[in-house]
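# A predicted structure for the sequence below; I have some questions about it.
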Amino acid sequence: VLERYANFDDNQKLNLFTLLSTEMDVPCKDAMTALQSYSDSPTAVNYAKLAKILEPARLRLIRRLNQTQDATAQLVAMRHDLLRFLPDQPDLVKLDIDFKNVFTTWFNRGFLVLRPINWGSPAHILEKIISYESVHAIQSWDDLRRRLQPDDRRCFAFFHPAMPDEPLIFVEVALTRGTPNSVQNILSEHRETIAAADADTATFYSISNCQVGLSGISFGNSLIKTVVQNLLRDLPQINYFVTLSPIPGLVQWLRDSNLYDPK
């Protein structure tokens, strides 16, 4: 199934998603009968029957597909395709709910692996960091090196054992003395570096989700908390954790509110 899907055009993908959403849906009449039986007699046997009938066949199919080699990444890519169709195909939302629910289970914090990303990381991982950076674009390999190589810079990413070469989310951290007043100073190629041991502040200045097919699965909160613990272990003198985050649309809002003064 996955091999054939990889060669589908958009019409064929849409046909498959429509089939999964309609013909492999919950059998409503059987579900109502099972629910009535459980309501009349809430035994373990009736509960098991109800739980089984409420699980759509498409969800069981997704789980079975995941038993094949390298299937997890292919299923994540499949949901990426599905998300493209949703704006014009609202009937497919049920299928997306099933994908999201099963991914929430597969990609929970217990399965995620934190890995530091540095200038010595494999080239194919570094290439993906450049590609996936969505907050402050990485302009070149020199730009990437300035973010990873100096002693006062850190980068961490979550990986999943089923997708060891694909970062799920990563965060870039600047180790500073005091809170920086602009991200431009952090990214400047002319800035002065400091020793990590001299820093008292960890500034989180960029966080990027990497897999569109995992949209809606929360990683950021767990990543930041885990990185904080990691930094406190290695650099106990760090006392402050701050963020410099862009606020899209802020300037336009200020202009519309007559609060913006370009001077």
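Arrived safely. Keep in mind that this is a model prediction, so the values were computed, not measured. Residues are numbered from 1 along each chain as shown.
# check which helix or strand covers residue 165.
Assigned by DSSP states H and E, residue 165 falls within no helix or strand.
# The nearest residue to it once chain neighbours are set aside - how many residues pack around it?
Closest residue in space to residue 165, ignoring its immediate chain neighbours: residue 124 at 6.5 Å, by Cβ to Cβ, 6 or more residues apart in numbering. For the C-beta atoms, the positions are set from N, CA and C on the backbone; glycine is no exception. Neighbours of residue 124 under the rule other Cβ atoms under 10 Å: 9.
# tell me the SS of residue 124?
helix (DSSP: H, G, I helix; E, B strand; the rest coil).
# so how far is residue 50 from the residue in the chain sticking out farthest from the centre?
Most distant from the centre of the chain: residue 40, at 42.9 Å, with distances by Cα atoms, centre = their mean. Distance of residue 40 to residue 50, computed by Cβ to Cβ, to the nearest Å: 12 Å.
# wait, residue 20 sits on residue 61?
Yes - between residue 20 and residue 61 there is a contact under Cβ atoms under 8 Å: 7.3 Å.
# related to what we said a few turns ago, against residue 46, how distant is the residue farthest from the centre of the chain?
8 Å.
# and what of residue 114?
Taking Cβ to Cβ, one finds residue 114 at 43 Å from residue 46.
# These two: which has the busier surroundings?
Between residue 114 and residue 46, counted using other Cβ under 10 Å, the more crowded position is residue 46 (17 against 14).
# Just name whatever secondary elements the one helix or strand residue 229 maps to is in contact with.
Element membership for residue 229 (DSSP H and E) is helix 220-234. When contacts are defined as 3 or more Cβ pairs under 8 Å, 6 or more residues apart in numbering; DSSP states H and E, helix 220-234 sits against strand 113-116, strand 153-159, strand 169-176, strand 201-209.
# again, only using 7 Å
Counting contacts by 3 or more Cβ pairs under 7 Å, 6 or more residues apart in numbering; DSSP states H and E, helix 220-234 packs against strand 153-159, strand 169-176, strand 201-209.
# Can you name the next helix or strand after it?
strand 240-243.
# Determine how far that next one lies from the middle of the whole chain.
22 Å (Cα atoms, centre = their mean, to the nearest Å).
# begin at 31 from here
Sure, I'll start numbering at 31, so the last one becomes strand 270-273.
# what is the rounded mean pLDDT of the helix or strand just after it?
As assigned by DSSP H and E, the chain's next helix or strand after strand 270-273 is helix 280-286. Helix 280-286 shows a mean pLDDT of 81.
# Any buried residues in helix 280-286, and which?
Across helix 280-286, burial judged by 16 or more other Cβ atoms under 10 Å covers no residue at all.
# I'd like to know which elements that helix is packed against.
Using 3+ Cβ pairs under 7 Å, 6+ apart, helix 280-286 sits against no helix or strand.
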